[in-house]
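Student: build me a structure from this.
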Amino acid sequence: MSEKPIVTMNTLGEMGRFGNQFFQYAFLRTYANIYNLEVETSKWIGQYLFGHNDPPTTHQFKTINEYDHPLFKNIFSYEKPPFKNVNFWGFFQFHTKVYAPYKDYFRSLFQPVDSVKAIMEKGEAILRSKGKTIVALHIRRGDYKGYGNVEGLSKIFYPAPTTWYKNWLKNIWPTLDNPVLFVASDELIDVLDDFKEYYPVTSKDIFDNFSPADYYPDFYILSKSDIMAISNSSFSFAASMLNENCKGFYRADYNHNGVVPYDPWSSQVLVNRHLIEPY
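Tutor: Sure thing, here's the model as predicted:
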């Protein structure tokens with residue numbers, strides 16, 4: 001065993017999509033960095049995209065469930081690590097004020113490797129050649145449509161109406177310097193025509209097929225946009241936390257029946273309908 005205590009995550013890459021994996025890894029590495037611990041993980045796409053080479057999970061530690069321990073409420077604030085030589089399980093999507101003191105380190109974890117960065121920057125350059133201000137929308141459909149009648153889940157995973165985004169665009173568009181609209185969605189065919197008067201651009205227009213992770217070009221452009229309006233989704237919220245260029249962050253929120261501003265570093269990752277205060 002290493003001289004340092006270890007923390008592992010043996011479900012990374014298997015439990016949830018990219019947005020969930022993003023926060024799982026962010027938690028694991030931030031926790032380990034604060035308390036000077038070693039890390040082991042299972043295989044996940046971040047190893048390819050961001051060059052992480054953490055050792056594989058070879059230790060069989062007791063699993064600690066995020067939702068079973070009150071210590072997670074102040075997980076980064078103890079003098080000594082509250083957990084070591086354990087395997088973590090959970091989603092770790094805390095109110096982001098918890099992560100804010102570690103913003104620079106957090107962002108450093110998700111910088112693409114040079115080969116990926118070159119591809120992404122080429123696509124971004126094509127997009128920027130079409131306008132001066134990139135306005136990026138993320139409109140999630142797909143799995144969200146299936147949660148409409150599921151008690152509990154329907155309060156969080158809801159497909160926001162495109163009319164919310166259109167109303168917001170109508171107000172903000174005239175105030176922007178030569179804007180270009182970028183639309184990211186898991187069901188582009190269903191939503192793209194709603195924005196035709198803005199001549200929207202998609203990742204398919206500016207990138208060749210990125211087969212290792214076909215969702216990553218959308219994520220990357222969201223993280224580089226100048227104005228963004230996202231879904232109630234960890235995927236696009238994560239991108240907003242990495243965005244250092246953005247002059248305005250907005251999100252679809254059923255509590256306000258529209259698109260409203262938010263602070264990526266002082267907000268809930270997911271907003272529960274009828275629950276405005278942080279959990």
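Student: shaky segments in the protein?
Tutor: 1-2, 142-158, 273-279 (pLDDT under 70).
Student: let me know the helix or strand that the residue nearest the centre of it is in.
Tutor: Centroid check for the chain by Cα atoms, centre = their mean gives Ala238 as the closest residue, at 2.1 Å. Per DSSP states H and E, Ala238 falls inside helix 234-242.
Student: now do Leu137
Tutor: Counting by DSSP H and E, Leu137 is part of strand 133-139.
Student: cool, Lys170 as well?
Tutor: Applying DSSP H and E, one finds Lys170 within helix 162-172.
Student: what is that helix packed up against?
Tutor: On a contact count with 3 or more Cβ pairs under 8 Å, 6 or more residues apart in numbering; DSSP states H and E, helix 162-172 meets strand 133-139, strand 227-230, strand 248-253, strand 258-261. Using the backbone N, CA and C atoms, a C-beta is placed for each residue, glycine as well.
Student: possible to save these as TSV with distance to Leu192 and mean neighbour count?
Tutor: Shown next, in TSV, are the helices and strands packed on helix 162-172 (distance: least, Cβ to Cβ, whole Å; neighbours: other Cβ atoms under 10 Å):
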stretch	distance to Leu192	mean neighbour count
strand 133-139	9	25
strand 227-230	15	26
strand 248-253	17	22
strand 258-261	18	16
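Student: those into a markdown table, with extra columns for distance to Trp173?
Tutor: As requested, the helices and strands packed on helix 162-172 are exported to a markdown table (distance: least, Cβ to Cβ, whole Å):
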| stretch | distance to Trp173 |
| --- | --- |
| strand 133-139 | 8 |
| strand 227-230 | 10 |
| strand 248-253 | 12 |
| strand 258-261 | 13 |
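Student: of all these, which one is nearest Asp208?
Tutor: Distance to Asp208, taken as Cβ to Cβ, is lowest for strand 133-139 among these, at 19.7 Å.
Student: what's the angle from the closest one to helix 234-242?
Tutor: Calculated by axes from the mean of the first three to the mean of the last three Cα atoms, to 10 degrees, strand 133-139 forms an angle of 150 degrees with helix 234-242.
Student: tell me the helices and strands packed up against strand 133-139.
Tutor: Using 3+ Cβ pairs under 8 Å, 6+ apart: strand 133-139 touches helix 162-172, strand 179-185, helix 216-224, strand 227-230, helix 234-242.
Student: let's see it at 10 Å
Tutor: Under the contact criterion of 3 or more Cβ pairs under 10 Å, 6 or more residues apart in numbering; DSSP states H and E, strand 133-139 touches helix 114-128, helix 162-172, strand 179-185, helix 188-191, helix 216-224, strand 227-230, helix 234-242, strand 248-253.
Student: next, the angle from that strand to helix 114-128.
Tutor: Using the same axes, to 10 degrees: strand 133-139 against helix 114-128 is 110 degrees.
Student: got the contact list for the nearest residue to the residue nearest to the centre of the chain once chain neighbours are set aside?
Tutor: Using Cβ to Cβ, 6 or more residues apart in numbering and skipping the chain neighbours, the partner closest in space to Ala238 is Phe22 (4.4 Å). Neighbouring residues of Phe22 by Cβ atoms under 10 Å, 6 or more residues apart in numbering: 16, 44-46, 92-93, 109-110, 219, 234-235, 237-239, 241-242.
Student: which of the residues you listed are buried?
Tutor: Applying 16 or more other Cβ atoms under 10 Å to the contacts of Phe22, the neighbour count classes 44-46, 92-93, 109-110, 219, 234-235, 237-239, 241-242 as buried.
Student: quick check: the residue nearest to the centre of the chain touching Phe18?
Tutor: Yes. Ala238 is within contact range of Phe18, at 7.9 Å (criterion: Cβ atoms under 10 Å).
Student: shared neighbours of these two, anything?
Tutor: What both Ala238 and Phe18 touch, as defined by Cβ under 10 Å, 6+ apart, is the set Phe219.
Student: and of the contacts of Phe22, the nearest to Phe210?
Tutor: Using Cβ to Cβ, the contacts of Phe22 come closest to Phe210 at Phe219, 10.5 Å.
Student: isn't that closest one right up against Ser236?
Tutor: Yes. Counting by Cβ under 10 Å, Ser236 is a contact partner of Phe219 at 7.9 Å.
Student: okay, now Arg141: neighbour count?
Tutor: Per other Cβ atoms under 10 Å, the neighbour tally for Arg141 reads 17.
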